[in-house]
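>>> output the structure for:
(one chain, ligands or ions: 1)
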Amino acid sequence: MPESCLKFIIFLLFAVHLGASQKARITDISLKQIKEIGESTHLNCTAKDVGMSKVSWNKKKLDLTGDPIPISFDDQLTINDPRFKIVHDQDTYSLQISNIGSTDMGIYECQIFVSFDERPTSSVELLVRHPPVISEKLSTRVAQVAEHQPVNLECYADGYPRPSITWTRDGNVLKITSTRKEDRGTYYCLAENDVGKSNPKTVTLEVEFAPVISIPRPKVAQALDYDIELKCRVEAYPPASIVWLRHGNQLQSSEEYKISNLATVDQVTTSSLMIRGLERDQYGDYYCQARNSKGQSESRIHVFESVLPVLELV
Ligand SMILES: *[C@@H]1O[C@H](CO)[C@@H](O)[C@H](O)[C@H]1NC(C)=O
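Numbering: from 1, shown residues only. I've put the predicted structure just below:
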């Protein structure tokens, strides 16, 4: 191939390249910014061969959810926030943000609007160092679980740098694989990064379990004609309904019997059956029966005769 011909081909390729480079494009954008609260930044975007097209800045969330929010179009701001300013100098569109707050975190996108199909875009991330705040919406407030079932207590916090979360153990989630009734109660989660600490958040765990009965005195003695009080302690959640049985029949408060239930701390109810003036046929077995949506349980108390009256220590 003659040399002049080769030169012509090179010239042609160069011309085509030049022609192609007439397209609107972004040649430069600021690097990722990490700022403290209250600082300022200038996000610079350099656009070449824009022609009649317009350059805009939009903001996206860091997790890219939701629609971008328009911030500026050409030389005008499209949001009403005095902390923002757009400065257009030759090819550079500078988005200036002063008094930066944590909500300014995001991906700022510089875009040339050539047509709907042609929108050259570049973006810059703005990160703001701030102490964590635990999300009320995403974190567990109250969890309810049946005994032996698994449960996750979740705690989520924003904050940059990404905070670490502490419970009694590490991780965002406190995982209990088989919940015991003793696990019920209040938990605290706390988020922390090198900027600061969140307020502790309380998370309540309610564990549903079938009644568990304990009888302080399963065998009680009393002399004829004396009063006697039988006691039954029931632990249950949801609260149990408690009945007393004699020969399979439910006892009601009457002249002979007085039944009273006293709810004490922590899902414990103490039920007492007072028998006034024991008669001979009232010796024998009494049953305390407790029931809730998780199940039922029953315990026996045996009353026997003593020669001497037993004084109750109330
Ligand atoms: C943007 O440009 C201005 C002016 O040249 C400069 O002072 C500033 O540091 C630039 N911003 C960034 C983030 O590089």
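
>>> from now on I want contacts and neighbour counts done on CA atoms only, so please keep to that.
Noted.

>>> check contacts around H130.
H130 is in contact with 36-37, 102, 159-161, 195-196, counting by CA atoms under 8 Å, 6 or more residues apart in numbering.

>>> so what's whatever residue of the stretch 101-250 of the chain ends up closest to the ligand bridging to?
When distances are taken as CA to the nearest ligand atom, the stretch 101-250 of the chain reaches nearest to the ligand at V124, 9.2 Å away. Beta-bridge partners for V124, by DSSP bridges, are Y108.

>>> gap between it and T179?
The gap separating V124 from T179 is 46 Å, by CA to CA, to the nearest Å.

>>> over to N99?
48 Å.

>>> pLDDT weak spots in this structure?
The chain contains residues with pLDDT under 70 at 1-21, 168-172, 265, 312-314.

>>> which positions in it make contact with the ligand?
30, 42-44 (CA under 6 Å from any ligand atom).

>>> and for A143, the neighbour number?
For A143, the number of neighbouring residues by other CA atoms under 10 Å comes to 15.

>>> now the closest residue to it other than its chain neighbours, which residues is it bridged with?
Nearest residue to A143 in three dimensions, chain neighbours excluded: L205, at 4.9 Å (CA to CA, 6 or more residues apart in numbering). On the basis of DSSP bridges, L205 is bridged to A143, G185.

>>> buried residues, the strand or helix carrying A263. List them.
Here A263 sits within strand 257-264, counting by DSSP states H and E. Neighbour counts over strand 257-264 (16 or more other CA atoms under 10 Å) mark 257, 259, 261 as buried.

>>> how far does the helix or strand immediately after that strand in the chain sit from its chain's centre?
Following strand 257-264 in sequence order, the next helix or strand is strand 268-275 (DSSP H and E). Relative to the chain's own centre, strand 268-275 is displaced by 40 Å; criterion: CA atoms, centre = their mean, to the nearest Å.

>>> got it, and stretch 236-253?
Put simply, stretch 236-253 sits 39 Å off its chain's centre (CA atoms, centre = their mean).

>>> same check, this time on stretch 145-164
Centroid displacement of stretch 145-164 relative to its chain, using CA atoms, centre = their mean, is 6 Å.

>>> residues in contact with that stretch?
Stretch 145-164 has contacts (CA under 8 Å, 6+ apart) with 127-135, 138-140, 143, 165, 171-181, 189, 191-195, 203, 205-209.

>>> ok, stretch 272-290 next?
Residues contacting stretch 272-290 (CA under 8 Å, 6+ apart): 211, 213, 222-232, 234, 240-247, 255-261, 296-305.

>>> show me the beta-bridge partners of R129.
E36.

>>> how deep is it tucked in, by neighbour count?
Close neighbours of R129, defined as other CA under 10 Å, add up to 20.

>>> from memory it sits against T103, does it?
No - checked against CA atoms under 8 Å, the pair R129 and T103 is beyond contact range at 10.9 Å.

>>> quick one: the strand holding A263 to strand 268-275, angle?
Orientation of strand 257-264 against strand 268-275 (axes from the mean of the first three to the mean of the last three CA atoms, to 10 degrees) gives an angle of 160 degrees.

>>> ok, strand 257-264: who's next to it in the sheet?
strand 268-275 (antiparallel).

>>> quote the end-to-end distance of stretch 95-115.
End-to-end for stretch 95-115, by CA to CA: 23 Å.

>>> which parts of it are buried?
95, 97, 100-102, 104-114.

>>> same check on stretch 73-83?
73-75, 77-78.
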